[in-house]
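Student: Make a model of this:
(one chain, ligands or ions: 1)
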Amino acid sequence: MNYYRAIWISDTHLGTKTSNVYHLINFFKHNSADSIYLVGDIIDGWELNKKWYWPKSHNHLLREILKKAKKSKIIYIPGNHDSFLRNFLSLIKFSSITFKKHSIHKTLDQKKIYVSHGDQFDSVRKISVFMNILGNFLYNIFISISNWITHLRNSKNLPHWSFATQIKMKSKNVKNYIERYKLFMVNEAIRNNCDGVICGHIHYPEIDNINGIDYYNDGDWVESLSALVEDINGKIKLIYWKEIK
Ligand SMILES: [Mn+2]
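Tutor: Okay, the predicted model is just below:
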């Protein structure tokens, strides 16, 4: 079991076929922390609303998370796909899981990190993301191919490399979108008197520093299988999960 001060994951999109639930269960079995932040789009209410998809594996994962809640503090920050939870923020009290709109995490060396899903960016600027450019159907096929390549590479123990990310970054639109998003989120950190920001939403895991403010994106569990962790020495790292058998 790997032990951390904190773990951040987001964009697991439960309720869709593209969610890598089995990897996520495996991740929770081998990783633990004092605080576990679920940084939004954990459940995909949009897709569930269109078509109900909830196989047994999804309940299995929820049980795994509830088991975690016995020892860890769990903070659930809803995103745009699970925004239905935002209406109940004050009502929901579920064992040791707290629901918040955003949160501020204090690292070991007393740095303040603003934690937010990050979809407030979209309400400021409506820009087509990669998914909108490609369309839902093509996107799902594209992700399947990409995941298949990732799986092959993992089985050969090659370092993380995402086909999907490579293709996306070839697009100027996507690059621009990501750069603007990062600037926006860094400003959110400044507005909230924080030294850094942790978010998700754009499915692009990354650690950067912009004008002295730390920017962390925990990625997603549709293609990247990534998480942010603060280790016991207070260092925040990005990890790409490879299944432990
Ligand atoms: Mn989102």
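
Student: And for this protein, the residue most distant from the center?
Tutor: For the chain, the residue at maximal distance from the C-alpha centroid (C-alpha atoms, centre = their mean) is residue 156, at 25.6 Å.

Student: So that one versus the ion, what's the distance?
Tutor: 32 Å (C-beta to the ion, to the nearest Å). Backbone N, C-alpha and C define where each C-beta goes, glycine included.

Student: next helix or strand past the lowest-mean-pLDDT helix or strand in the chain?
Tutor: Scoring the helices and strands of the chain by mean pLDDT, DSSP states H and E places helix 130-134 at the bottom, with a mean of 58. Scanning forward in sequence from helix 130-134 by DSSP states H and E, the next helix or strand is helix 136-155.

Student: If you count neighbours, what's buried in that following helix?
Tutor: 139-140, 142-143, 146-147, 150, 153-154 (16 or more other C-beta atoms under 10 Å).

Student: Remind me what that helix packs against, helices and strands.
Tutor: Judged by 3 or more C-beta pairs under 8 Å, 6 or more residues apart in numbering; DSSP states H and E, helix 136-155 is in contact with helix 130-134, helix 163-169.

Student: list the contacts for residue 20?
Tutor: Shown in contact with residue 20 (C-beta atoms under 8 Å, 6 or more residues apart in numbering): 12, 147, 221-222, 225.

Student: Could you pull up the residues touching residue 9?
Tutor: Contacts of residue 9 (C-beta under 8 Å, 6+ apart): 24, 27, 36-39, 218, 221, 227-228.

Student: for residue 202, same thing?
Tutor: Residue 202 neighbours (C-beta under 8 Å, 6+ apart): 118, 129, 177-178, 181, 217.

Student: For these, which single residue is the most surrounded?
Tutor: residue 217 (30 neighbours; other C-beta atoms under 10 Å).

Student: Now that one. Nearest residue, chain neighbours left out?
Tutor: Using C-beta to C-beta, 6 or more residues apart in numbering and skipping residues adjacent in sequence, the residue nearest residue 217 is residue 206, 4.8 Å away.

Student: Hmm, residue 214 and that neighbour touching each other?
Tutor: No - counting by C-beta atoms under 8 Å, residue 206 does not reach residue 214; the two are 11.2 Å apart.

Student: mind checking how far residue 101 is from the ion?
Tutor: 14 Å.

Student: Let's verify that residue: helix, strand, or coil?
Tutor: When classified by DSSP: H, G, I helix; E, B strand; the rest coil, residue 101 comes out as coil.

Student: What's the local residue count around it?
Tutor: When neighbours are defined as other C-beta under 10 Å, residue 101 has 11 of them.

Student: Please apply the same query to residue 175.
Tutor: Residue 175, neighbours per other C-beta under 10 Å, totals 12.

Student: can you check residue 99 too?
Tutor: 19.

Student: Tell me where the protein has strands.
Tutor: 2-9, 31-38, 73-76, 93-94, 97-99, 103-106, 112-115, 196-199, 206-210, 213-217, 226-230, 236-240 (DSSP state E).

Student: who touches the closest residue to residue 195 other than its chain neighbours in this structure?
Tutor: Using C-beta to C-beta, 6+ apart and skipping residues adjacent in sequence, the residue nearest residue 195 is residue 111, 4.4 Å away. In this structure, residue 111 makes contact with 195-196, 214, judged by C-beta under 8 Å, 6+ apart.
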